[in-house]
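**Q** 3D, please:
(one chain, ligands or ions: 3)
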Amino acid sequence: MRVWVFFVLCLAGKALAAPQQEALPEEEEVIEDVTTESLQETVGTNPVQVEVGEFDETANEEEEEEEPSDNPCLNHHCKHGKVCEVDENNAPICVCQDPSTCPETMGEFEKVCGTDNKTYESSCHFFATKCTLEGTKKGHKLHLDYIGPCKYIAPCLDNEISEFPLRMRDWLKNVLVSLFQRDQDNNLLNEKQKMRVKKIHENEKRLEAGEHSVELLARDFEKNYKMYIFPVHWQFGQLDQHPIDGYLSHTELSPLRAPLIPMEHCTTRFFEECDTDSDNYIALEEWAKCFGIKDEDVDKNMIV
Ligand SMILES: *[C@@H]1O[C@H](CO)[C@@H](O)[C@H](O)[C@H]1NC(C)=O
Ligand SMILES: [Ca+2]
Ligand SMILES: [Ca+2]
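**A** Ligands and ions are numbered 1, 2, ... in the order given. The predicted structure is shown next:
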């Protein structure tokens with residue numbers, strides 16, 4: 001499934017971005033590097049370029065600016081949807097951005113669809129609009145749903161929903177193995193994580209990346225169940241960042257959901273059903289369960 005490949009960028013981006021918030025200017029370059037090289041060969045071609053940071057409402061709180069200046073806004077960064085202004089005491093404050101000041105958009109691919117099923121010109125327009133609704137119930141409920149203009153998304157049928165975790169699990173495993181293979185000098189994975197992936201990588205029974213039937217994926221999960229435990233944990237850890245608390249909010253889930261929904265119509269239903277207690281957060285236990293990981297194999301310590 002081509003669609004899963006598309007995620008490589010998101011994941012790689014996350015993996016790079018997460019541990020080093022202060023090095024944001026380098027981020028783009030490295031992501032580029034990861035996508036265009038061996039990951040493409042091993043996991044497939046990535047048809048779309050996605051900048052993960054765009055969907056992270058909490059990122060960009062503090063970005064570096066070396067230049068000394070009298071402008072207090074130069075070193076003051078605001079979250080998505082806000083811009084810095086100077087108040088009467090010459091102190092920097094973050095205020096909602098006027099959507100009309102968003103950069104000109106280049107076309108359809110920049111449009112995003114909100115959970116209000118309204119199309120926004122770009123994620124900048126979306127977050128600026130969301131900001132103006134801050135404090136209201138409507139604003140609280142509004143999230144970036146997916147990338148691209150709003151469209152009709154076919155309902156996910158019962159027989160389709162069961163295929164979703166099979167493919168995603170397999171894909172997660174392949175992404176990790178690919179990261180490991182090219183991670184000799186850069187630090188996408190820490191030592192403990194490397195050891196875990198090394199075991200998967202060296203396992204001769206491992207199902208190689210490629211197009212596999214649902215039947216084969218299901219059989220492999222049964223036979224090589226242990227190989228899937230860490231990849232499922234790892235993805236959770238990648239997303240659980242703002243804050244790191246063992247729960248995924250809608251915002252934290254967004255880098256994974258947003259690019260996927262237009263192509264995989266079961267995405268929304270899958271993550272909704274994942275939240276079994278309907279508290280709007282996906283706990284690690286809920287996450288593991290919806291990927292078929294047994295309760296006794298859920299281990300918080302696996303996510304470093
Ligand atoms: C959302 O908007 C699109 C395009 O305007 C429309 O085709 C679709 O049916 C809408 N979906 C829902 C759930 O209302
Ligand atoms: Ca969290
Ligand atoms: Ca929950």
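
**Q** How many neighbouring residues does the residue in the stretch 51-200 of the chain positioned nearest to ligand 3 have?
**A** Among all residues of the stretch 51-200 of the chain, His143 sits closest to ligand 3, at 16.1 Å; criterion: C-beta to the ion. Bear in mind the C-beta positions are built from the backbone N, C-alpha and C, glycine included. By other C-beta atoms under 10 Å, the residues close to His143 number 19.

**Q** OK, contacts around it?
**A** 114-115, 250-251, 254 (C-beta atoms under 8 Å, 6 or more residues apart in numbering).

**Q** would CSV of the residues you listed with pLDDT and neighbour count be doable?
**A** Shown next, in CSV, are these (pLDDT from 0 to 100; neighbours: other C-beta atoms under 10 Å):
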residue, pLDDT, neighbour count
Gly114, 97, 19
Thr115, 96, 13
His250, 93, 18
Thr251, 92, 18
Ser254, 95, 22
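
**Q** ok, and for stretch 205-212, which residues are buried?
**A** Buried residues in stretch 205-212, counting neighbours by 16 or more other C-beta atoms under 10 Å, are found at 206-207, 209, 212.

**Q** The closest residue to ligand 1 within the stretch 201-304 of the chain and ligand 2: what is the separation?
**A** Here the stretch 201-304 of the chain gets closest to ligand 1 at one residue, Thr268, 10.3 Å apart by C-beta to the nearest ligand atom. Between Thr268 and ligand 2 the computed distance is 20 Å (C-beta to the ion, to the nearest Å).

**Q** Show me the shaky parts of the stretch 51-200 of the chain.
**A** The stretch 51-200 of the chain contains residues with pLDDT under 70 at 51-69, 184-186.

**Q** for it, what spans make up the strands?
**A** 82-86, 92-96, 112-114, 119-120, 144-147 (DSSP state E, counting those that start in this stretch).

**Q** which residues sit against the shortest one?
**A** Under the criterion C-beta under 8 Å, 6+ apart, residues 111-114, 126, 129, 149-150 lie in contact with strand 119-120.

**Q** ok, back up a step: packing partners of the helix or strand where the residue of the stretch 201-304 of the chain closest to ligand 1 lies?
**A** Assigned by DSSP states H and E, Thr268 belongs to helix 267-274. Other elements packing on helix 267-274 under the criterion 3 or more C-beta pairs under 8 Å, 6 or more residues apart in numbering; DSSP states H and E are helix 158-161, helix 163-181, helix 250-260, helix 284-290.
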